[in-house]
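Asker: Sequence and predicted model, in that order:
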Amino acid sequence: MISLVVPTLGRPSLALLLDALAGQLADLPEVEILLVDDRRDDTGELAVPGALTAYTKVLTGRGAGPAAARNLGWRAARGSWVVFLDDDVVPAPDWCRRLVDDLAVAATVGGVQGTVEVPLPADRRSTDWERGTAGLAEGKWITADMAYRRRTLAAVGGFDERFPRAYREDAELAHRVRLAGWDLVRGRRRVTHPVRPEGRWVSLRTQRGNADDALLRRLYGRTWRADIDLPPGRRPRHAAVTAAGAGPGAG
């Protein structure tokens, strides 16, 4: 079985993601979808397309951020592979078929990343916000579309919930997975990550990511950036993700 884990704050984009999956789940041998409702307020049940109700279970998160939401999801999963998707990506029409191919890997591989495409406007110059989001296409091991063996996650303890934002928590997990002896590879499946509207508090939320960098420095020392394989250019990419959301979304 393959388990798809989608933490969500109930964004309208969730419907696009679920609709994209609904027409292609038959390409997976056995699948379950775990939606982690991480909204802090009770605004009603999440809408699940009728075609997906038989496959989908909604879990109630603590509103504690993406790391905690993803941990809740994979610990409830039954599949040998757990695929994390952000609630603002749209899988390609052949995503499920390519996922099966991607997961046909050697036993030494603990995780397989999908390809993220960020469409940018063709009729004008992209804004800093749009270029920052586009950097996700080059990010390593981001959980916008990332599959892990469930036993790999169990072996390393999953995501570190001391990272409360969608910032650094994915790279830090990947680092521990590799330290434990697993390989990480890129697959061929694709998702599109549209650029979300820019909010007025973008810069403030971006600055909060400095606390996560400080935590990594405490955990891994001065060489943390090189050890975790985060080139200097990754900072603006992750800044865009941090600013985008208050929630379990892009990695």
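Answerer: Done, it's in. Numbering: from 1, shown residues only.

Asker: From residue 221, how far out is the spatially most central residue of the chain?
Answerer: Central residue of the chain (C-alpha atoms, centre = their mean): residue 143, 2.4 Å from the mean position. Residue 143 sits 25 Å away from residue 221, taking C-beta to C-beta, to the nearest Å as the criterion. The C-beta positions use only the backbone N, C-alpha and C, and glycine is treated the same way.

Asker: How about residue 140?
Answerer: 20 Å.

Asker: Settle it for me: which of these two has more neighbours?
Answerer: Legend: neighbour count by other C-beta atoms under 10 Å for residue 140 and residue 221, higher for residue 140 (17 against 9).

Asker: Strands along this structure, start to end?
Answerer: In the chain, the strands defined using DSSP state E lie at 2-8, 31-37, 56-60, 81-85, 90-91, 109-117, 145-149, 183-192.

Asker: now those strands in TSV, with distance to residue 66?
Answerer: Output for the strands of the chain, formatted as TSV (distance: least, C-beta to C-beta, whole Å):
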stretch	distance to residue 66
strand 2-8	6
strand 31-37	9
strand 56-60	14
strand 81-85	9
strand 90-91	19
strand 109-117	16
strand 145-149	12
strand 183-192	17
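
Asker: Same list, those, but as TSV with mean pLDDT please.
Answerer: Putting these into TSV (pLDDT from 0 to 100) gives the following:
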stretch	mean pLDDT
strand 2-8	97
strand 31-37	97
strand 56-60	95
strand 81-85	98
strand 90-91	96
strand 109-117	95
strand 145-149	97
strand 183-192	96
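
Asker: Pass me the low-pLDDT residue ranges in the stretch 101-250 of the chain, would you?
Answerer: Per-residue confidence for the stretch 101-250 of the chain (pLDDT under 70) gives these ranges: 120-138, 166-167, 195-212, 216, 231-250.

Asker: got the residue ranges for the helices in it?
Answerer: Per DSSP state H, counting those that start in this stretch, the stretch 101-250 of the chain carries helices over the ranges 128-134, 150-156, 169-179, 202-220, 224-227, 234-244.

Asker: And the second one, what does it pack against?
Answerer: Secondary-structure packing of helix 150-156 (3 or more C-beta pairs under 8 Å, 6 or more residues apart in numbering; DSSP states H and E): strand 81-85, helix 169-179.
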